[in-house]
Structures are given as C-alpha cells and as structure tokens.
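1. Next come a sequence and a model predicted from it.
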Amino acid sequence: MSIINESFNPAQKAAIEYCDGPSLVIAGAGSGKTRVLTHKISYLIKEKGYNPWEILALTFTNKAANEMKGRIADILDDEETVRYLWMGTFHSVFLRILRAEHELIGFSGNFTIYDTADTKSLLKTIIKEMALDDKTYKTSSVLNQISKAKNQLVTAKEYVDNPANYTTDMRAKMPMIGEIYKRYSQRCITSDAMDFDDILLYTYKLLNEHEDVRRKYVERFRYVLVDEYQDTNFAQHLIVWQLTKERQHVCVVGDDAQSIYSFRGANIDNILKFKDLYSGCKVFKLEQNYRSTKVIVNAANSLISKNKSQIQKDVFSEKETGDLIKITEAYSDIEEGQVVMRQIEQIKRADNCEYSDFAILYRTNAQSRVFEEALRKNGMPYRIYGGLSFYQRKEVKDVIAYMRLTINPNDEEALKRVINYPMRGIGATTVSKIIECANANAVSLWTVLGEPEKYGLGVAKATATRLGMFHALISKFIDMAQKENVYVLGKAVVQETGIAADIYADNTPENRARQENLEELVNGMNDFCETRLEEGNQNIGVGEYLSEVSLVSDLDSDKSDDDNKITLMTVHSSKGLEFKNVFIVGLEENLFPSSMAQTVRDMEEERRLFYVAITRAERCCFLSYAKTRYRYGNLEFGTKSRFISDIDTRYLTSQSSMRTSSRGANDDVELPWKRRKQVIDDMPEYLNRNEDRSADTRMSSPFSKSFTPNVSKPAAKFEPISPAIRRVSKVTDSSVAHAASKSPDESLKIAVGKHIEHQRFGVGVVEAVEGSGDGQKATINFTNLGKKQLLLKFAKFRVLD
DNA sequence: CCGATACGCATTTTT
DNA sequence: TGCGTATCGG
C-alpha cells in the first residue's frame, strides 16, 4: 500500500514526493499542512529508504511533535519506528545534542534549564548588585534586549566588544545592558545553567566552532524538516542552515500569513527569503483550504491582501459558500459579553451543536472576564486557556527547585528559591552575603555553603548552624537521587523539607489547591516512572525527569475531548486550532490592533493575527466591538477597528446588538455608569465564580494528563481515591522490582487476541507477545491510543477475556 | 526576619 | 480595576 493516495491534491502530492533538494512548502490556513508533513516523513521512510534516525523533524511545541508522531505511527502502522525519529521541539532536540556534547561548551552533562522566571530573578539580583536603578532597568526590558541579542547569535563578549550596541543602549537610556548581559552569562556558567535562548545559542556555537561535531550531525540527519518555519528566529534559521547547507535535503513548512510571534524573536524574513538562501529551492503552495467556507476564506484573503510583505498565494475553498460574517456593535464590553453569550445560545439551539463548537477569541487575556461572567450567569460551560501553567505555580516550582538542586547544587536560582522555604530562618541579608561571597570567589553559592570558613562567609553563629543544616538536607537528597527514582525522591522532598507540613497545616481554599497541585505533581512523577518502566526504559531518575519537564508546558496535552465547553482564549493561542463557530471580540482601535503596534511592520503582524483568528472558523465567524470599555479601571471610548474595513464588504453583514437580544432587550441595555452598581449586585455570584473558575481551570500535570488521556470509567477501577502522595505504588525502587501484586495466572493468561484493560491506557487488544521472562513484551493495540509495546513485568493491566 | 499595607503599572508567550 | 512587588512596623 502506498503512502500517497488519491485523497491528496496535486500540490500536496508534489510537496510530499519531492525529496531531492531543498523545498519550501507554503501552507495556507487549513490546507492540510500537518498531513503533508506526516506523510512526507512516512514516505521518506517507506519509499525512499531513510531510516527513522536519519530524519530530523523540528517543531515549536511538544504538542505538535507528539501529534505528528502519533499520526506517523498510524500511517506506518508502527509505533516502534516513530521512536527512532529525531522529532521534537527545537529546544528538546538541541538540548539532547548539547547534553551529549557538553564538554565542548563548558557545561556539565547535568546542566539546568532556567525558565523565564529564573532568568528574570537572576537579572533582578544582578541589577540590584550593580546598584542600577530598577525603574530604568526593568527586568523585562533587560531580558528582552539580552534575548534579542542571543537570537541574533550575539554572545555577551561580542555584545560588549561591539561599540554600536553601546551607542544604541545609550540612546535607550540603558548603557549598562552589555555589562548586565556579561554578568548574567557568567552567572549562568557558574550555576551550570542555560536559559531557553542559550539552548539555541550554544547549539549554534557548537556547530560553528567544532566542524567535526557539525559533520557528525550532518551525517546523521540526512533529511531535515521544519514545521511552522515562519516562527523561526535567526538562531534557529542558521542552525538549520548549518545542518543542511551541503546536502540541502531540507523541507520547511509554514505560512508567512500566520507569522504572529515576532515579539518572541520570530523573523518573517526567514521564510520570505528561504528560497534565496537555498538556491534551487522548490516552492510548493498548498492553497486549497479544507477547513472553512468560501465566505470565510475569501474574507480572510481580502484582509491579508492589505499587507505588503508576503508570499503571493491564492487560498481558496471548495466548501459551501456559507453565512456572511456578522458584525455586532455593542454599547459596552459587558453588553458585548451578553450579546455573544446569547448568540451562542441561539445558534446552539438552532443548529443543535455542542458547546465545544464555539470559541471566543480576544486580543488580550484581560478581556476574558466579561465573557466568563456572561456565560457563568447563564450556566453555560466554558474553559479558559492561558494563565499560569502547572509548572509555573509556586508550590510546584518549590518542589522542583529542590529536585533541581539534587542534580545540580550549583543552580543559583533553585537555591535562592528554597534556602528559606519552608522558613528556616535564613533571610534576605544572609542570602545576599552568600551571593556576595560567591561572586568574590567566582564560585557557586553551593560551594560557599559547603565551606563557609574557607570563603570567609561572615554570618552569626546561629545562622551558620542553619546554613549547615540546609547544606546537610540537600546533601542527603543528593545521595538519595543517586539511588532512587524521581517518585521516591519527590515524596521525600515534599515530606522532609517541611513543605507538606506547611501546606497541610490548614485547609484554607488556597492550601487545598496547593495540596492538590502537589499531589498531582507527585502522581506525575509516579506516572513518569511507571510509563517508562512499562516501555522498557530504565531511566527514571530525577535527571531524566527534569530534562523532560523543563521543556514542557501543560497545554501540550490536548483538551480532553469529553469536555464539552466553550473555548475562551487569546488569538495567539488559537493558532493551529479550529472551531465550527468563532467569535472574535474587542475589534476596536487600540485594542485590536493593539495600541502598542506603532510601525507598519507591527501593524502587518496585527493584521496577520486577525487573519489567524478568522481562519480558525469552519462555518461561522462573528466579529464584535464595544463603544465603551473599562480598561484599568476607567471607562474608555473605543472606535471600530480598521481591520473590519479591511475585509471586503461582500462578506460582511452588520447587526445591531438590540436586534439580537431576543428577550427583554431593555433589561440588558447597559449604560456604562450603571456598571458599578451592577458589579455590587452580582457580588455573591461573583465570589462563587472565583471558586468555580479555579475548579474549571485547575491545573494538572502534563504527565498524568498526557499519559491518561482517557480518564473514563475503566481507569477508575484501579485508582483509589486516596490522597495521591500516599498512593501505593509498585515503583518504589529504581532497582528492578517485581510486580509483586500481579498474580502469575494473570500473566499467563495473556495471549494474542485477548482483550486487556490497562490501568491508564484503557482497553486494548493483544497483537503480539515476544520474549520471555523479565524481558517479555507485548504489543497492545489500545482503542484510544493505538499501539504500544509494554514490558509485561511492569505493565499494570488485567486480562478481560 | 516576617506579615501587612501602599504604590505603580499594565499585549501577545509555542520553549 | 486588580495584581505583584517594595517598604515599613512588629
């Protein structure tokens, strides 16, 4: 059976089949981009004789990488092969390379990844140390500058050596940026840590300065594919070039019209000029949109044609014409919320569709509130995306910080975070002294803690004792980390640091949430161990765990399909998704487009953002704006967004908000000055809402989420509802343990064709059993997840028939 | 060294 | 407005 069948259009087919040279696939919205990419990779393996480990496929999100892996496994009907693909995010793949080559870049193999919060915290301490005014040197803008430099592959040394930078920074009233950058980099090195940008910067340096290493990877990656190329920054662009410049077996896919991340360093020129860099590059344009109606596609086209810099393309739809895009003018933001709510109610009744068929998209997160309120009051279910991710919550970060210290005690940020949490009488002054002392001796804080007298750390006796105790505590965990798996260590950390005592002290709602999050975290560690063991992977230590979670956000695990809720999210986060009905709200000047957009370039990006929003819709798209809106506590008057007039009027129809209010329009008319009263009237409900909302958006660990995608009834049989931390686990020891609780006759009963029910993967059919004894493996085809290979020794399941 | 109050300051966020 | 951080009194 061939990979490519008649379901592909000529352009898609050509893009898949062309494998002899560089290619650029311009994939319009909804044009089957992922399908082309996954089939192309399958094609390379099946028809072109590539081994999976010779293919490098880079994405921006773990979610995208995981989805593609799954789809390739389906296409090839083979789980195993996919595991050998070098497919992942830029960061995860390069991190893997950097760890392997760590000696060459002067880091240990266990270096830490600093997330944005760590980075900011370090910058803040540096700015303070340098006695700079933190109003002129705001951490966010300093971070921005440094990040920009790194994305441009400019190292700290190069930055300060180039006088032009000084001149620019002078003009920006921040002449010390170079010095901050330099110190920051040095501190990262002594802490044996890298931030996200460093992963790219060091990868580039590694390849650029070590020709033998570069050759090695060039040899390994015989074909390179990149998804969402319009979102690459200069560093990513050049790394791809480093890896492909000779053989040029490279295929990049993207849509310049959906480039919306320039504020993160994405450079649209990478895709616009790709074909100039790779001479002889073939360009394939996927122009048929399979997602949306003609009206939506044409409207989006008419909008985007107002942009100057773009690759010419002609996106079209062969679906029905569809309804015109409806524009609603509302009096106030609150009324906008009600209008949208009622519209959803009405359509849902008329079309008999689901809540999950609706999305409300806005430019800024702050806009979500009025829609939440409107929906809540009407008892309509919704889910808000955005906000803190699981791993950004304080309690989770605290535990993780202890774990980080365990594999890299030099990690300054982790140490600062937990040295006095839970409180053990080591205050800010003491910490400053330690930092000062460490800086003076050019060693890490941990080194100073190890031998305080040697480095002349002057603290009171009582303080010295406390420091000694902290040092001993961490040392104990370091020992434990050598011997035990993450789960065991995680439990120990929560208990023995006193975090548990702190958080379980009382059951205030906030504490309840923290408890749940920690239970979730520790469960996630357990799941991590179990899953790996079942798959025959013995690497279940903290190091492996941290490597994985440091580059993971919990948005990766998709919304479970069983929750039927209205989606509320920013336009940015909606990229790549689709909904039957889309409401794009707050279409006002200075909001969408944002008031921050000053240059033509900025404005074009805002327009692309609007383009992304419109093209999320499959059937109906609604636009709305409000004449008045509360911003930062005061009333502002707004005017209709210029973007609405950018759309060809043939695809638009206006409706006044009055007409839509089916019942009692008068009750709903909201005069801005009435608002204060309204809020007070709603108070009790408003308070309730907060509770409910936290329940709605309660975080869960990516692990337990992604590895338990079907939390349906079968799984529940195995899961006691007891507190997770005390949950009995078979994974108690990193040494090979016997799955004691599984009775021998159960194992005996397994055979090809039998149905089994797995604790977390659900129901599946046994397709093959190989090996014997401890190494016995079974291939199970799970109803919801497809095929998986499990080591019978560890797998937790029962045979059904 | 820790908790409570004032101030100020606000896009978007895949890693 | 509403949150996060800086500063002050105990």
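-> Ah, there it is.

2. Quote the end-to-end distance of stretch A:156-169.
-> Using C-alpha to C-alpha, to the nearest Å, the end-to-end distance of stretch A:156-169 comes to 14 Å.

3. Pick out the residue of chain A closest to DNA strand B.
-> Across chain A, the shortest distance to DNA strand B (C-beta to the nearest atom of the strand) belongs to A:Gly427, at 2.3 Å. C-beta: built from backbone N, CA, C; applies to glycine.

4. these two touch, right, that residue and A:Tyr421?
-> No. Under the criterion of C-beta atoms under 8 Å, A:Gly427 makes no contact with A:Tyr421, lying 11.8 Å away.

5. Just the terminal-to-terminal distance for stretch A:445-456.
-> 13 Å.

6. tell me which residues in that stretch are buried?
-> In terms of neighbour count (16 or more other C-beta atoms under 10 Å), stretch A:445-456 has its buried residues at A:445-449, A:452, A:455.

7. same check, this time on stretch A:481-492
-> A:481, A:484-492.

8. and stretch A:47-55, C-alpha only, in CSV?
-> Taking Å, rounded to 0.1, in the frame of the first residue of the first chain, the C-alpha atoms of stretch A:47-55 are listed here in CSV:
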residue,chain,number,x,y,z
GLU,A,47,9.5,4.7,-0.1
LYS,A,48,12.8,6.5,0.0
GLY,A,49,14.7,4.1,2.2
TYR,A,50,15.5,6.5,5.0
ASN,A,51,16.0,5.1,8.5
PRO,A,52,13.9,7.0,11.0
TRP,A,53,17.0,8.0,13.0
GLU,A,54,18.3,9.8,9.9
ILE,A,55,15.3,12.2,9.9
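
9. Other residues contacting it?
-> A:2-3, A:19, A:41, A:44-45, A:81-87, A:220-225 (C-beta atoms under 8 Å, 6 or more residues apart in numbering).

10. Pull out the buried members of those residues.
-> Neighbour-count burial (16+ other C-beta under 10 Å) is assigned, among these, to A:3, A:41, A:44-45, A:81-82, A:85-87, A:221-225.

11. Residue in the stretch 551-700 of chain A with the shortest distance to DNA strand C?
-> Residue of the stretch 551-700 of chain A nearest DNA strand C, by C-beta to the nearest atom of the strand: A:Gly633 (2.2 Å).

12. let me redo that: the stretch 451-600 of chain A
-> Closest point on the stretch 451-600 of chain A to DNA strand C, by C-beta to the nearest atom of the strand, is A:Glu510, at 11.7 Å.

13. Please, which helix or strand holds that residue?
-> Element membership for A:Glu510 (DSSP states H and E) is helix A:509-534.

14. mind checking how far that helix is from the chain centre?
-> Helix A:509-534 has its C-alpha centroid displaced from the chain centroid by 19 Å (C-alpha atoms, centre = their mean, to the nearest Å).

15. From A:Asn485, how far off is A:Tyr391?
-> Going from A:Tyr391 to A:Asn485 by C-beta to C-beta, to the nearest Å gives 19 Å.

16. got it, and A:Tyr290?
-> 46 Å.

17. Would you quantify the distance from the closest residue to DNA strand C within the stretch 401-550 of chain A to A:Leu122?
-> Residue of the stretch 401-550 of chain A nearest DNA strand C, by C-beta to the nearest atom of the strand: A:Ala428 (8.6 Å). For A:Ala428, the distance to A:Leu122 equals 16 Å [C-beta to C-beta].

18. So the two - more neighbours on which side?
-> Per other C-beta atoms under 10 Å, whichever of A:Ala428 and A:Leu122 has more neighbours is A:Leu122, with 23 against 9.

19. top strand in chain A by residue count?
-> Using DSSP state E to define each element, chain A has its longest strand at strand A:617-631.

20. ok, the residue of chain A closest to DNA strand B - contacts?
-> A:Gly427 touches A:Asn420, counting by C-beta under 8 Å, 6+ apart.

21. and it, what pLDDT?
-> On the pLDDT scale, A:Gly427 is placed at 86.

22. cool, A:Gly762 as well?
-> For A:Gly762, the pLDDT comes out at 70.

23. separation between it and A:Thr531?
-> According to C-beta to C-beta, A:Gly762 stands 14 Å off from A:Thr531.

24. Same check on A:Val542?
-> Look at A:Val542 and A:Thr531: by C-beta to C-beta, they are 16 Å apart.

25. These two - which one has more neighbours?
-> A:Val542 (29 against 21).

26. Show the low-confidence segments of chain A, by residue range.
-> For chain A, applying pLDDT under 70 flags the ranges A:1, A:554-562, A:657-749, A:759-761, A:772-775, A:784-789, A:793-794.
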